[in-house]
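Asker: Generate coordinates for the sequence data below:
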Amino acid sequence: MSSVSEGRFLSSSVPLLTPPRRRATLLTDDGVRVEAVYEPCTAGSGTPGDEAAGAPAETPAIVVAHGFTGSTDRPAVRRAARAFAQRAAVITFSFRGHGRSGGRSTVGDREVLDLAAAVAWARELGHRRVVTVGFSMGASVVLRHGALYTADSSLGDTPVRVSAREGRTGSVGAHSDAVVSVSAPARWYYRGTAPMRRLHWVVTRPTGRLVGRYGFRTRIATGEWDPVPLSPVAAVPLIAPAPLLLVHGDRDPYFPLDHPRMLAEAAGPAGAELWLERGMGHAEDAADDALLARIADWATVAPPA
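Answerer: Next up is the predicted model:
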């Protein structure tokens, strides 16, 4: 593996060609260790993992960004990974402050660096096409990541960083070729539903953060955003020319339908595909196998940027 991987991808418990799954600890650009799992595509193989010994360059990779209080080992995330692995290689990871990852959750701000590290790992493993699929908090992260990380490699080997001004940045392998956002908010600080008011209590109050740590196994940072990151609705028009899919349930208890419609409208002339799913609730827990298969189909056939 290259010197880049030796510096950024700290450890792996399984050699590259050993199927079917390998775990790694990724190092983000701000020095946080993030647990990640790679699963080869199982399509067309007699046993899961046969593709690992093939040519990853010809196989797309889907990087899954979970919702708040999730992790790579949560049942809903594993179910999504199994569905996606039938059509692509899959990387799941735990955001900072979640699962076995280090650091503390910033609830969608610095998490963009976690996602960038996972996308870069997919490319380091040989995948030319990488699609990000995010749920809830992860959905807001994939939107902002798609806006900030571009395919411009003019910076050569300069490390990828997100500036305090939230300007677009050239990247070396950390960009996504298509973006799928499931159950995303359109704007920050939304408190228009009871579940969101409870979430704000968990994030902003000392007692709430204790509940988050011991009840949901999520370690939450205490500081406020400074500066406030680019909002999802402001990020959407910057994602083009990468294709964008927005998925939202009409029974989402967190974010009503004005959120996905606002995001779709913000895409402007470049356009975004919008799926309003009848009877669906919120994020990965509400995404059934049929919807996950449709998302994987879109992710693997959407035209390149």
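Asker: where does the protein dip in pLDDT?
Answerer: Applying pLDDT under 70 to the chain flags the ranges 1-20, 44-55, 152-172, 304-305.
Asker: can you pull out the strands in it?
Answerer: 9-12, 22-27, 33-39, 61-65, 89-93, 130-135, 178-182, 244-249, 273-277 (DSSP state E).
Asker: Let me know which of those strands is the nearest to residue 266.
Answerer: Residue 266 sits nearest to strand 244-249 of all those, at 10.1 Å, using Cβ to Cβ. Using the backbone N, CA and C atoms, a C-beta is placed for each residue, glycine as well.
Asker: Now do the closest one: everything it contacts.
Answerer: Defining contact as Cβ atoms under 8 Å, 6 or more residues apart in numbering, one finds that strand 244-249 is touched by 146, 178-184, 236, 255, 257, 259-260, 263-264, 267, 270, 272-277, 279-282, 286-287, 291, 295, 298-299, 302.
Asker: circling back to that earlier point, quick one, which of the strands of the chain is nearest to residue 200?
Answerer: Short answer: strand 130-135, nearest of those by Cβ to Cβ, at 19.0 Å.
Asker: The closest one versus strand 89-93: what angle between them?
Answerer: 50 degrees (axes from the mean of the first three to the mean of the last three Cα atoms, to 10 degrees).
Asker: any idea how far residue 220 is from residue 204?
Answerer: To residue 220, residue 204 is 9 Å away according to Cβ to Cβ, to the nearest Å.
Asker: out of those two, which sits in the more crowded spot?
Answerer: It is residue 220, of residue 204 and residue 220, that has more neighbours when counted by other Cβ atoms under 10 Å, with 22 against 13.
Asker: contacting residues around that one?
Answerer: 97, 104-105, 107, 202-203, 209, 212-213.
Asker: make it 6 Å
Answerer: 105, 203, 209, 212 (Cβ atoms under 6 Å, 6 or more residues apart in numbering).
Asker: May I have the beta-bridge partners of it?
Answerer: Beta-bridge pairing for residue 220 (DSSP bridges): residue 105.
Asker: What's the separation between it and residue 205?
Answerer: Look at residue 220 and residue 205: by Cβ to Cβ, they are 10 Å apart.
Asker: same deal with residue 27?
Answerer: Residue 27 is 32 Å from residue 205, by Cβ to Cβ.
Asker: Of those two, which one has the most company?
Answerer: residue 27 (17 against 12).
Asker: Give the closest residue to residue 225 in space, chain neighbours not counted.
Answerer: residue 109 (5.5 Å; Cβ to Cβ, 6 or more residues apart in numbering).
Asker: Please tell me I have it right and the one you found contacts residue 228.
Answerer: No. Residue 109 lies out of contact with residue 228 (Cβ atoms under 6 Å); the separation is 8.5 Å.
Asker: When these two are compared, which one has more neighbours?
Answerer: Between residue 109 and residue 228, counted using other Cβ under 10 Å, residue 109 has the larger neighbour count: 22 against 11.
Asker: That one and residue 183: what is the separation?
Answerer: 19 Å.
Asker: now swap in residue 116 and tell me
Answerer: Separation of residue 116 from residue 183 (Cβ to Cβ): 22 Å.
Asker: and if you look at residue 294?
Answerer: 15 Å.
Asker: can you check residue 216 too?
Answerer: According to Cβ to Cβ, residue 216 stands 18 Å off from residue 183.
Asker: Who has more neighbours out of the two?
Answerer: residue 183 (30 against 14).
Asker: Quick one: residues contacting the more buried one.
Answerer: Contacts of residue 183 by Cβ under 6 Å, 6+ apart are 135-136, 139, 248, 252, 282-283.
Asker: In contact with residue 93, which residues?
Answerer: Counted by Cβ under 6 Å, 6+ apart, residue 93 has contacts 34, 36, 72, 118.
Asker: Break down the stretch 1-150 of the chain into its helices, ranges please.
Answerer: Assigned by DSSP state H, counting those that start in this stretch, the helices in the stretch 1-150 of the chain fall at 3-8, 75-85, 111-124, 137-148.
Asker: how deep is residue 21 tucked in, by neighbour count?
Answerer: Going by other Cβ under 10 Å, the residues that sit close to residue 21 add up to 17.
Asker: now do residue 31
Answerer: 9.
Asker: cool, the one 5 residues further on as well?
Answerer: By the other Cβ under 10 Å criterion, the neighbourhood of residue 36 contains 23 residues.
Asker: I would like the residues contacting stretch 109-118, please.
Answerer: 26, 28-30, 34, 36, 63, 65, 91, 93, 95-96, 141, 144-145, 149, 160, 162, 174, 225, 229.
Asker: Need the buried ones from the residues you listed selected in PyMOL.
Answerer: Burial among the contacts of stretch 109-118 is assessed by 16 or more other Cβ atoms under 10 Å; the matching PyMOL selection reads:
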select buried, resi 26+28+29+34+36+63+65+91+93+95+96+141+144+145+149+160+162+174+229
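Asker: Having no further points to raise, I will conclude here.
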